[in-house]
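>>> Output the structure for:
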Amino acid sequence: MGAGHMLEAAGLDAEEERVYRFLLGVREADTGVIAAQLGWDAARVESVLAALHGKGLVGRAAEPPAGGPERYVPMAPDAALRPLLLRGHEALEWARRGVEQLAEEYRAGGRRHDAEQLVEVITGASVIRQRLRQMAYGAGEMRWLCKARPVALAAAENDEEWELLARGVRYRTIYERELLEGPGMVDNVARSIRAGEQARAAGTLPVRLVIADSSMAICPLVYESGDVLDGAGASASASDGAGAGTECAPGPADRVGEPTAAVIHSSSLLDALIALFESQWAAATPLHVTDSGELADFEDGQNRAVHLADDERYLLSLIVAGVADKAIASQLWVSQRTVQRRIQALMQRAGALTRTQLVWQVAQRGWLTNG
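This next block holds a predicted model:
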């Protein structure tokens with residue numbers, strides 16, 4: 001916008017701005033003087049002055065000369081223009097919201113009429129690998145379901161997760177226990193956990209899956225027997241994701257050597273996949289690195305209890321029984337704040353985000369039934 005017409009956004013047209021600026025310079029003038037100075041006819045000047053008066057930018061002089069023409073003076077611009085600017089801002093905000101709504105309707109309409117905008121099929125290890133990396137580098141959170149025998153990316157090629165963890169990207173990963181039994185896998189997962197990854201283990205997982213934030217997911221499209229059990233399938237990994245260097249790519253091949261995956265964009269299908277991950281996460285066993293640097297709590301044996309002190313077992317029994325914090329504090333002869341702090345510590349050990357998850361983990365691990 002040029003300097004000669006800078007008040008257009010405030011609701012003034014070029015003629016109004018020119019007359020107002022003239023009055024600012026002379027402080028007071030009648031219609032004839034303004035017309036002569038600007039080279040306009042009187043009717044044009046009177047029309048512009050009327051518009052400026054209506055917007056509160058000019059006023060009439062208190063005492064015009066006896067028998068002389070009415071004179072006009074400029075009013076303070078900030079008091080007059082602020083309401084106009086506010087109205088303009090509101091109009092722009094409404095327009096912005098309208099554009100966003102139209103854009104969403106456009107995208108929704110496109111998804112309804114063009115399935116390719118909802119689900120995109122990609123084929124080939126290099127294509128899947130590139131898409132996974134693009135997802136990870138643009139995400140704030142990555143969620144992984146990692147099954148055994150991945151096929152898309154060799155473990156030696158996968159260094160991205162540690163870089164992204166250092167940048168603050170959040171990783172939550174569930175590993176199938178068979179995957180953790182592979183050579184070097186435990187060390188790689190332990191390294192990822194030390195770097196900040198939140199990891200859990202499950203006996204089996206229903207599908208390979210990668211979710212970037214809540215906006216996109218990649219998962220296998222077709223399973224065929226035998227296509228991931230031979231050769232590279234047993235020794236390769238899947239992407240820049242979980243367990244950096246451990247990998248768990250989405251996508252067994254739909255034909256030998258050519259893994260195929262579906263890229264799912266925002267939709268109810270994506271919502272269902274996110275819900276699937278969260279249900280698996282709640283049921284999986286948290287992994288942690290011990291003081292000696294080893295990965296713990298991934299064995300699928302019967303003894304999954306941790307070493308709990310007697311007072312911790314008593315506290316857990318009260319929590320499982322549904323006793324309120326105040327009553328627990330009374331029974332333990334400690335403050336309510338101390339009770340809450342101890343419960344938080346137990347939740348961290350169990351990898352639980354809520355007390356309901358803590359109770360579930362206590363039951364799953366047998367913390368109150370095993371030695």
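>>> and the host helix or strand of Leu358, what's its mean pLDDT?
Secondary structure assignment for Leu358, by DSSP states H and E: helix 355-365. The average pLDDT for helix 355-365 rounds to 82.
>>> Contacts for it next, please.
The contact list for helix 355-365, computed with CB atoms under 8 Å, 6 or more residues apart in numbering, reads 282-283, 285-286, 304-306, 316, 319-320, 343, 346-347, 350-352, 367-368. Where C-beta positions appear, they are placed from N, C-alpha and C, glycine not excepted.
>>> Quick check on these: which are buried?
Burial by neighbour count, 16 or more other CB atoms under 10 Å: within these this picks out Thr285, Pro286, Arg304, Leu316, Ile319, Ile343, Leu346, Met347, Ala350, Gly351, Ala352, Trp367.
>>> Of those, which belong to helices?
Leu316, Ile319, Ile343, Leu346, Met347, Ala350 (DSSP state H).
>>> any idea of the pLDDT on the last one?
Spelled out, it's Ala350. 78.
>>> Send over the helix holding Leu358 as CSV, restricted to the C-alpha atoms.
Presented in CSV, the C-alpha positions along helix 355-365 are these (Å, rounded to 0.1, in the frame of the first residue of the first chain):
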residue,chain,number,x,y,z
ARG,A,355,-4.3,-44.2,38.8
THR,A,356,-6.6,-46.4,36.8
GLN,A,357,-3.6,-47.5,34.7
LEU,A,358,-1.6,-48.0,37.8
VAL,A,359,-4.2,-50.4,39.2
TRP,A,360,-4.3,-52.2,35.9
GLN,A,361,-0.5,-52.6,35.8
VAL,A,362,-0.4,-53.8,39.4
ALA,A,363,-2.9,-56.6,38.5
GLN,A,364,-1.1,-57.4,35.2
ARG,A,365,2.3,-57.7,36.9
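>>> about what we covered before: just the closest of the ones in helices among the buried ones among the contacts of helix 355-365 to Ala296, please.
Taking CB to CB as the measure, Ala350 is the one of these closest to Ala296, at 13.0 Å.
>>> Point out where the stretch 1-150 of the chain drops to low pLDDT.
Within the stretch 1-150 of the chain, the ranges that satisfy pLDDT under 70 run 1-11, 64-67, 84-85, 87-88, 103-117, 150.
>>> could you redo the last one with a cut-off of 90?
For the stretch 1-150 of the chain, the stretches with pLDDT under 90 are 1-35, 37-38, 42, 48, 51-139, 145-150.
>>> where do the helices sit along it?
14-26, 31-38, 42-54, 77-113, 125-137 (DSSP state H, counting those that start in this stretch).
>>> any chance of those helices in CSV, plus distance to Arg208?
Formatted as CSV, the helices of the stretch 1-150 of the chain follow (distance: least, CB to CB, whole Å):
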stretch, distance to Arg208
helix 14-26, 64
helix 31-38, 75
helix 42-54, 68
helix 77-113, 24
helix 125-137, 11
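>>> Please identify the most buried of those.
With neighbours defined as mean count of other CB atoms under 10 Å, these peak in mean count at helix 125-137, which reaches a mean of 19.
>>> Which strands or helices does that helix pack on?
Using 3 or more CB pairs under 8 Å, 6 or more residues apart in numbering; DSSP states H and E, the elements in contact with helix 125-137 are strand 153-154, helix 160-167, strand 209-212, strand 216-220, strand 258-265.
>>> please redo it, this time with the cut-off set to 7 Å
Where contact means 3 or more CB pairs under 7 Å, 6 or more residues apart in numbering; DSSP states H and E, helix 125-137 is packed against helix 160-167, strand 209-212, strand 216-220, strand 258-265.
>>> just how off-centre is stretch 173-180 within its chain?
Averaging C-alpha positions (CA atoms, centre = their mean, to the nearest Å) puts stretch 173-180 26 Å from its chain's average.
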